[in-house]
Every structure is written in structure tokens, then in C-alpha cells.
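Student: Got a predicted structure plus its sequence, pasted below:
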Amino acid sequence: MDTTADFLIAIKNGYLAKKTAITVNASKTRMALVKILKDEGFVEDYQVTESKPVSKLTINLRYFEKNLPAIANLKKVSKPSVRIYKGYDKVPLTLSGAGLTIISTPEGLMSGRDARKKHLGGEVICQIW
């Protein structure tokens, strides 16, 4: 019942299936995650379609030349059974800074780089490269 992991795996499966876009149910957490992924260059764009009973989030996936996906792999660090918390000075680097670490801080979800700059620690959600 980990909706964050389901969302990340849906994105990864979209890349593996060479899809140009995927559509999932929208939530505040998913929109915050996809905003970070867009800001860091892992997805092209996203749109939210308001509908009843659940809004939809459409994510346009990004590929490099020769159909290389922008996301090669991802790792869910904190799980519902084992939560991993780190201080701002202990936020892990992904691939020596080439990847992305997403952290849940008191100011909301943000990249590990931004959390270190703002001196904020929190729960390590995932690592993407």
C-alpha cells in the first residue's frame, strides 16, 4: 500500500515500455514529486486534468537521442515498514551527485541538493539516476 512506490514504478514502467506519456491518479504528493522530476530534467512536462471523482496526472516522459530514457533506474529508500531519516549534512548523494535524491522535509518535498542548501533534513524518499 505504498502509493509513492507505485507512482515511481509506473514512471519506470512507462520508460521501459517506450511510452511517450503515462496517466495516473493525481495527489498532492505525486504532483510534488513530478514537479521535482521536471525541474531536474527527468520528465518533459506534466498536466493535471480535473475530473470527478479523481483528477488525472499526465506525465510526458523524456528521452535522449536513440530512445535512451532519462531515468535509468530508481531506488525507493524509505519504506512504510522502515523509515529512513537523515540530517541535512547526511543527505546521501546519488551517483556522486549525478543522480537525484528526493527528501520529505518540514517545508515539503525537495531534492537533496536543495535540502542541503536550506539546512533541512528529513525522510529520504527515493534516489533516481
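Tutor: Good, I have the coordinates.
Student: what helix or strand does the most centrally placed residue in the chain sit in?
Tutor: By CA atoms, centre = their mean, the chain has its centre lying nearest to Leu33, at 4.4 Å. Assessed by DSSP states H and E, Leu33 sits inside helix 28-39.
Student: Only the buried residues of that helix, if you could.
Tutor: Across helix 28-39, burial judged by 16 or more other CB atoms under 10 Å covers 30, 33-34, 36-38. All C-beta spots, glycine's among them, are computed from the backbone N, C-alpha and C.
Student: List the contacts of that helix.
Tutor: 3-4, 7-8, 11, 24, 43-46, 48, 57, 59, 100, 102, 108-111, 125, 128 (CB atoms under 8 Å, 6 or more residues apart in numbering).
Student: Show me just the buried residues among those residues.
Tutor: Buried by 16+ other CB under 10 Å: 4, 7-8, 11, 24, 43, 46, 57, 59, 100, 102, 109-111, 125, 128, out of the contacts of helix 28-39.
Student: before we move on, the earlier item: which members of the buried residues of helix 28-39 define the maximum pairwise distance?
Tutor: With CB to CB as the measure, no two of those lie farther apart than Arg30 and Lys38, at 12.4 Å.
Student: elements contacting the longest helix seen in the chain?
Tutor: Longest among the helix segments of the chain by residue count, using DSSP state H, is helix 3-16. Secondary-structure packing of helix 3-16 (3 or more CB pairs under 8 Å, 6 or more residues apart in numbering; DSSP states H and E): strand 21-25, helix 28-39, strand 56-61, strand 74-76, strand 122-128.
Student: Ok, which of those comes nearest Val91?
Tutor: Checking the helices and strands packed on helix 3-16 against Val91 by CB to CB gives strand 122-128 as the closest, at 7.3 Å.
Student: okay if I get the helices and strands packed on helix 3-16 as a markdown table plus distance to Ala115 and mean pLDDT?
Tutor: Shown next, in a markdown table, are the helices and strands packed on helix 3-16 (distance: least, CB to CB, whole Å; pLDDT from 0 to 100):
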| stretch | distance to Ala115 | mean pLDDT |
| --- | --- | --- |
| strand 21-25 | 25 | 97 |
| helix 28-39 | 11 | 96 |
| strand 56-61 | 23 | 97 |
| strand 74-76 | 17 | 94 |
| strand 122-128 | 7 | 96 |
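Student: Much appreciated, bye for now.
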